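Undergrad: below are the sequence and a predicted model; questions follow.
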Amino acid sequence: MNSKGGRGNQRGGFDRRRSKPKNTPEVEEQPYDFSFLVTDYITAQTTPMLENVRRKIEEGAEGVPIPSLASEILLASFVKDMRTWFKEEVRKELFTYPQKETLNRWLFDMLATPSESIAGEVGNNLLKYPMRLKDDPDVIARELFLSIPMRIKPSYPDTQRLKSDAIEYRKVSMQFLTRMKTRFEKQAETDEQTRKDLEQLEGDLLAFDPAILHIHVLEARLKTASESATTFVSKYLKSDVHGICNRLADLAMEYSTKKPAFTDDDFEVVLTAEGIEHTVEAKYVVKLPDNLSHSLDLKFKLSSIHFYKLRELYKRTSGKRFDPEMKMFSKLLFILLRRYHTFFGTERFEGTSFHAAAPENIFRRLKSFLEVSQECFASPLNCFFSQFCSAFPEIDVFFGSLGSFFDYDIAEGSFECGPPYTLECMDRTAKHIIRTLDKSENRRPIMFVVFVPEWRVPPAQYHLDLEESAYTRFHFCAPGGKHYYVSGEQHEPKCIASKGALTNEKVGRYYLVPHGTHVYFVCNDAGFKRYAKGSEDYLEKAADDILRVLMDPLDRNDNNMHYARDYVTVGNGELIDWSTKEVKTDQVQEPKLKMGLKG
């Protein structure tokens with residue numbers, strides 16, 4: 001890494017000869033590359049409003065809209081109360097608890113909506129268009145239907161987890177059956193279809209026996225019982241679920257009428273860490289007015305590596321003319337941390353899966369092989385490049401954000417694209433990529449390297465769209481349980497002090513991805529010629545290396561490589577022969593190793 005993005009500039013006068021502290025970070029190299037400007041490689045535009053803000057920041061002009069700390073705390077408090085209300089409403093009405101990511105899926109669906117399509121609607125930040133939930137409640141309803149009486153996993157590689165879930169499902173399903181029979185018995189007396197549906201539900205649930213010894217039979221019977229319950233719920237409890245969604249939309253709309261009871265002058269942001277160079281963490285604390293009642297977490301810890309990363313991002317974007325003395329850095333950084341924690345939620349690990357990232361060496365390979373220089377979905381906390389698209393441009397813009405990917409009008413460039421793992425967002429991403437390539441000029445090269453989960457039962461729409469597109473030049477699937485990602489909590493000290501799954505530790509920087517990760521190489525003809533050198537072999541070589549690094553993110557084994565073409569899946573997840581496009585008779589994802597050097 002050159003001096004522009006190097007460690008020395010960011011860590012000041014850190015003396016490497018001094019003894020390391022007890023909690024020495026495991027990450028010895030800065031996990032990013034700020035050695036160039038994305039705008040030197042990318043031609044694209046975001047919304048006129050954000051373009052104007054970015055221009056003012058670059059020029060140091062007046063009129064830059066500064067996020068309010070008081071408003072951010074109000075937003076955090078409101079969203080926390082909304083989460084509590086939703087959880088209790090589901091428990092009261094449906095006798096179950098929603099999955100911890102159910103509400104986040106809705107929040108992400110709002111964030112992933114292009115700004116132009118909601119022009120004129122009331123909304124703010126996270127809550128951009130809440131009333132649309134009344135017209136299209138499926139983003140939440142689909143999750144709730146699957147949670148009644150209990151959510152089960154799509155598959156169970158862990159036998160003990162299968163057995164424990166089977167026992168628990170039997171227990172809650174009997175309680176659920178009793179409630180449904182009580183509620184609908186009168187209706188069943190006069191309606192033949194209701195009577196048949198109740199009998200079908202009762203038969204399927206009573207037929208499920210968690211004591212079945214054969215594991216595959218147990219899993220199949222559990223799925224049958226669960227599917228029967230979901231079918232019944234989606235038909236007979238639909239109005240209950242939609243009623244919750246309607247009330248949630250009304251509640252979210254109330255935020256637009258809220259005003260902070262305090263001003264930013266009533267708060268003080270304090271950075272508490274002396275000699276950050278020699279510690280694992282930096283701490284940010286907000287001192288509050290004495291008469292402010294709240295139950296929010298207003299103390300945030302950052303790893304020292306991420307503190308310096310964020311400071312460098314701010315310097316590059318806002319420190320030249322807008323804030324050369326860095327007077328607003330602490331306040332804006334605290335608002336950024338508060339915003340992402342508001343979105344993540346309050347439960348352990350809640351929301352952080354949406355913030356996970358590919359290992360840093362993946363980005364280095366993408367840049368080396370395919371000239372990738374920008375991320376379509378990132379944040380100042382987990383970005384690898386100095387400029388990126390992100391979810392909250394009104395605060396992220398001060399740290400290098402180029403706005404939402406769905407507002408990004410791309411004319412040229414090579415991009416890494418790892419959307420948050422929600423069906424709505426990934427489906428929208430696939431369609432946005434294809435539309436971008438449809439309208440691209442033949443002479444302007446565009447390429448996307450897309451990372452999405454291998455969700456195949458049934459095949460997700462984003463898989464179908466990308467596999468059927470003529471723009472997809474190659475694709476493969478890194479097998480579940482055999483490759484790694486960087487934790488969505490990577491900015492926290494606990495994730496810096498350990499390598500996590502790579503060293504068999506539960507908490508740390510890397511985690512083992514339980515499902516497959518599918519990688520698509522999607523480009524127009526000019527992009528194939530420019531970034532893949534016009535060669536299928538070259539593109540496959542890049543894919544081979546990406547697969548290897550996903551399986552070995554620290555690049556510890558230089559010689560063992562897999563052929564990516566041996567990991568191509570389609571449809572319901574069947575392996576195919578890439579040369580013939582025929583389904584393989586042997587569906588075991590254990591092809592022979594390829595021995596060779598790194599590309």
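TA: Ah, there it is.
Undergrad: mind giving me the domain split of this protein?
TA: 73-257, 264-350, 359-595 (automatic domain parsing).
Undergrad: just the strands in the stretch 251-400 of the chain please.
TA: Counting by DSSP state E, counting those that start in this stretch, one finds strands in the stretch 251-400 of the chain at the ranges 268-272, 281-287, 299-303, 374-375.
Undergrad: between the third one and strand 268-272, how big is the angle?
TA: Yep, that's strand 299-303 we're talking about. Angle, strand 299-303 to strand 268-272, by axes from the mean of the first three to the mean of the last three Cα atoms, to 10 degrees: 40 degrees.
Undergrad: for strand 299-303, the averaged confidence score.
TA: For strand 299-303, mean pLDDT is 82.
Undergrad: against which helices or strands is the one helix or strand I434 maps to packed?
TA: For I434, the element it lies in under DSSP states H and E is helix 423-438. Packing partners of helix 423-438 (3 or more Cβ pairs under 8 Å, 6 or more residues apart in numbering; DSSP states H and E): helix 102-111, strand 409-417, strand 446-453, helix 461-468, strand 517-523. Just so you know, the C-beta spots here come from the backbone N, C-alpha and C atoms, and that holds for glycine as well.
Undergrad: and it with strand 409-417, angle?
TA: Using the same axes, to 10 degrees: helix 423-438 against strand 409-417 is 130 degrees.
Undergrad: helix 423-438: which residues count as buried?
TA: Using 16 or more other Cβ atoms under 10 Å as the test for burial, helix 423-438 gives 423-430, 432-434, 436-437.
Undergrad: how far does that helix sit from its chain's centre?
TA: Taking the mean of its C-alpha atoms, helix 423-438 sits 16 Å from the chain's own mean (Cα atoms, centre = their mean, to the nearest Å).
Undergrad: and that helix with strand 446-453, angle?
TA: Helix 423-438 runs at 160 degrees relative to strand 446-453, counting by the same axes, to 10 degrees.
Undergrad: which residues touch helix 423-438?
TA: Helix 423-438 has contacts (Cβ atoms under 8 Å, 6 or more residues apart in numbering) with 105, 108-109, 112, 139, 376, 405-406, 410, 417, 419-420, 446, 448, 450, 452, 455, 460-462, 465-466, 469, 471, 522-524.
Undergrad: following the chain onward from the helix or strand hosting L201, which element is next?
TA: Assigned by DSSP H and E, L201 falls within helix 192-207. As assigned by DSSP H and E, the chain's next helix or strand after helix 192-207 is helix 215-236.
Undergrad: check which helices and strands that next one sits against.
TA: Using 3+ Cβ pairs under 8 Å, 6+ apart: helix 215-236 touches helix 138-146, helix 159-190, helix 192-207.
Undergrad: wait, which of these is closest to V286?
TA: V286 sits nearest to helix 138-146 of all the helices and strands packed on helix 215-236, at 31.9 Å, using Cβ to Cβ.
Undergrad: what packs against the closest one?
TA: With contacts defined as 3+ Cβ pairs under 8 Å, 6+ apart, helix 138-146 has these neighbours: helix 102-111, helix 215-236, helix 238-253.
Undergrad: could I get that helix in PDB with only the CA atoms?
TA: C-alpha atoms of helix 138-146 as PDB (Å, rounded to 0.1, in the frame of the first residue of the first chain):
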ATOM      1  CA  ASP A 138     -45.300  -9.100   2.400                       C
ATOM      2  CA  VAL A 139     -41.800  -8.100   3.500                       C
ATOM      3  CA  ILE A 140     -42.900  -8.600   7.200                       C
ATOM      4  CA  ALA A 141     -45.900 -10.900   6.700                       C
ATOM      5  CA  ARG A 142     -43.800 -13.600   5.000                       C
ATOM      6  CA  GLU A 143     -41.500 -13.700   7.900                       C
ATOM      7  CA  LEU A 144     -44.300 -13.800  10.500                       C
ATOM      8  CA  PHE A 145     -46.100 -16.700   8.600                       C
ATOM      9  CA  LEU A 146     -42.900 -18.700   8.800                       C
END
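Undergrad: now D396, nearest residue through space, not along the chain?
TA: Among residues not flanking D396 along the chain, S390 sits closest, at 4.3 Å (Cβ to Cβ, 6 or more residues apart in numbering).
Undergrad: go ahead and confirm the one you found touches S379.
TA: Yes - using Cβ atoms under 8 Å, S390 is in contact with S379, at 5.2 Å.
Undergrad: one step back: what average pLDDT does the helix holding I434 get?
TA: Across helix 423-438, the average pLDDT comes to 96.
Undergrad: next, the angle from that helix to helix 461-468.
TA: With the same axes, to 10 degrees defining the directions, helix 423-438 sits at 30 degrees from helix 461-468.
Undergrad: and the residue nearest to D396, what does it touch?
TA: Residues counted as contacts of S390 (Cβ under 8 Å, 6+ apart) are 377-380, 383, 396, 401-404.
Undergrad: one more time with 10 Å
TA: Shown in contact with S390 (Cβ atoms under 10 Å, 6 or more residues apart in numbering): 111, 340, 375-383, 396-397, 399-405.
Undergrad: sorry, back to before: for I546, which of the helices and strands packed on helix 138-146 is the nearest?
TA: In terms of Cβ to Cβ, the element of the helices and strands packed on helix 138-146 nearest to I546 is helix 102-111, at 25.7 Å.
Undergrad: so what's the residue count around H475?
TA: Residues near H475, counting by other Cβ atoms under 10 Å, number 21.
Undergrad: just the CA trace of the strand or helix carrying it, in PDB.
TA: Assigned by DSSP H and E, H475 falls within strand 472-478. Extracted C-alpha coordinates of strand 472-478, given in PDB (Å, rounded to 0.1, in the frame of the first residue of the first chain):
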ATOM      1  CA  THR A 472     -23.400 -13.200 -16.700                       C
ATOM      2  CA  ARG A 473     -20.100 -14.500 -18.100                       C
ATOM      3  CA  PHE A 474     -19.200 -16.900 -15.300                       C
ATOM      4  CA  HIS A 475     -20.400 -17.900 -11.800                       C
ATOM      5  CA  PHE A 476     -19.700 -20.300  -9.000                       C
ATOM      6  CA  CYS A 477     -20.700 -21.200  -5.500                       C
ATOM      7  CA  ALA A 478     -18.300 -21.300  -2.500                       C
END
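Undergrad: sheet partners, orientation included, of that strand?
TA: Here strand 472-478 is paired, per DSSP bridges, with strand 517-523 (antiparallel).
Undergrad: that older thread, how about the strands of the stretch 251-400 of the chain, which one is nearest V172?
TA: strand 299-303 (37.0 Å).
Undergrad: quick one: strands adjacent to the closest one?
TA: Sheet pairing of strand 299-303 (DSSP bridges) gives strand 281-287 (antiparallel).
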